[in-house]
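I'll drop the sequence and a predicted model, then ask my questions.
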Amino acid sequence: MKVTIYEGTPDEIARILPSIQPAPSPGRDAGSGGAAVAVAVTGEKRYVNVEEARLVLSRRPLSAEQLIVFRTLYEAHPHSVLATELQDKTHYTPAQFAGLMGALGRRLTHTEGYKEGTWLFDVAWDINEGCCRYCLPEGVRSALELEKLV
């Protein structure tokens, strides 16, 4: 097993995360994440608040698959959900799921009033599972309720 460690601020890690998709290793399914990558985030993560999350969620309609992701994470609270589980729920390949999450990232960063360095999801790399784990911060959970999306 190969482990690569990246250190930086949440904003620095967010910028490089799309380029550090691990390659499949022998004996592992290409969709399972391959080699392990540990991402160390220095500093405190700042999540969007309820008002910011409502703007992100309501600025344009969410796709059916995006709604599946939000609803799955909402229902799993307070636990996190593996990216592979979200891929299964959306019936997306790893590449399609990466695109979906990238679209949500663009939705966040292109929302008027976006504050640089804020996060829509709590995400952490699970070294044992070889993929990310996602969960929703409280502000996003509340915004989903207020927008009647859950």
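Nice, I can see it. Note that the coordinates shown come from a computational prediction; the quantities given were computed from them, not determined experimentally. Residues are numbered from 1 along each chain as shown.

got a pLDDT number for residue 45?
Note for residue 45: predicted pLDDT of 86.

who does the longest helix seen in the chain touch, helix- and strand-wise?
Longest helix in the chain by number of residues (criterion: DSSP state H): helix 94-109. For helix 94-109, the elements it packs on are helix 64-76, helix 83-90, judged by 3 or more Cβ pairs under 8 Å, 6 or more residues apart in numbering; DSSP states H and E. Where you see a C-beta, it was placed from the backbone N, CA and C, and this is true even at glycine.

Deepest in the core, which of the ones you listed is it.
Highest mean neighbour count among the helices and strands packed on helix 94-109 (mean count of other Cβ atoms under 10 Å): helix 83-90, with a mean of 19.

CA atoms of that helix as PDB?
Extracted in PDB, the C-alpha atoms of helix 83-90 (Å, rounded to 0.1, in the frame of the first residue of the first chain):
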ATOM      1  CA  ALA A  83     -18.300   8.100  -1.200                       C
ATOM      2  CA  THR A  84     -18.700   4.500  -2.500                       C
ATOM      3  CA  GLU A  85     -22.100   4.300  -0.800                       C
ATOM      4  CA  LEU A  86     -23.200   7.600  -2.400                       C
ATOM      5  CA  GLN A  87     -22.000   6.300  -5.800                       C
ATOM      6  CA  ASP A  88     -24.200   3.200  -5.300                       C
ATOM      7  CA  LYS A  89     -27.200   5.400  -4.300                       C
ATOM      8  CA  THR A  90     -26.800   7.700  -7.300                       C
END
